[in-house]
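> just need the structure, nothing else, for what follows:
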Amino acid sequence: MPSTEESVDTYIAIANERDATKRAAMLDACWAEHGRLVVHGGRTLVGRAALLAMYDRFFADPRVVGVRVVAKDVRGTTFRFRYVTEFAEGKTIEGFDAGEVDADGRIQVLLVFPTPL
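Numbering: from 1, shown residues only. Sure, this is the predicted structure:
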């Protein structure tokens, strides 16, 4: 059973993993089977397959360089982190995510705010 910190670190690493097979294995390790990703504004993705499809679209954009975490806080079963998505032309987008893990230590809900606070 992974710790909250291990699951968060694995999830963050997925945002820089371009190999789809490796991303799937990493997601299996850190994401609850029916985990939910809720994007600010109301869009919700449920389950690993939905997240894998999201990351496939993310990495299909040739402008994407990667994601850099600038702050992370993990306490018990909750966590939050601030990040910057970097693009080839030098553009960056700051975001903030917060979530909770289940009894197995896997992320069960992630609230995504893909714009600066």
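> from L45, how far out is A32?
13 Å (Cβ to Cβ, to the nearest Å). Yep, even glycine has a C-beta here, placed from its N, CA and C like the rest.
> sorry, that was for H34
From H34 to L45 the distance is 11 Å (Cβ to Cβ).
> who's more crowded, those two?
The residue with more neighbours, out of H34 and L45, is L45; 18 against 10, by other Cβ atoms under 10 Å.
> what's the neighbour count on the closest residue to V39 other than its chain neighbours?
The spatial neighbour of V39 that comes closest, neighbours along the chain excluded (Cβ to Cβ, 6 or more residues apart in numbering), is V112 at 4.8 Å. When neighbours are counted by other Cβ under 10 Å, V112 registers 17.
> before we move on, what about D102?
Neighbour number of D102 under other Cβ under 10 Å is 16.
> and for V8?
So V8, with other Cβ under 10 Å, has 25 neighbours.
> ok, now how distant is it from D97?
9 Å.
> find residues that contact each of these two.
Residues touching both V8 and D97 (Cβ atoms under 8 Å, 6 or more residues apart in numbering) are F81.
> for the closest residue to A88 other than its chain neighbours, list the residues it contacts.
Leaving out its chain neighbours, the residue that sits closest to A88 by Cβ to Cβ, 6+ apart is R63, at 4.9 Å. R63 makes contact with F87, A88, E89, K91 under the criterion Cβ under 8 Å, 6+ apart.
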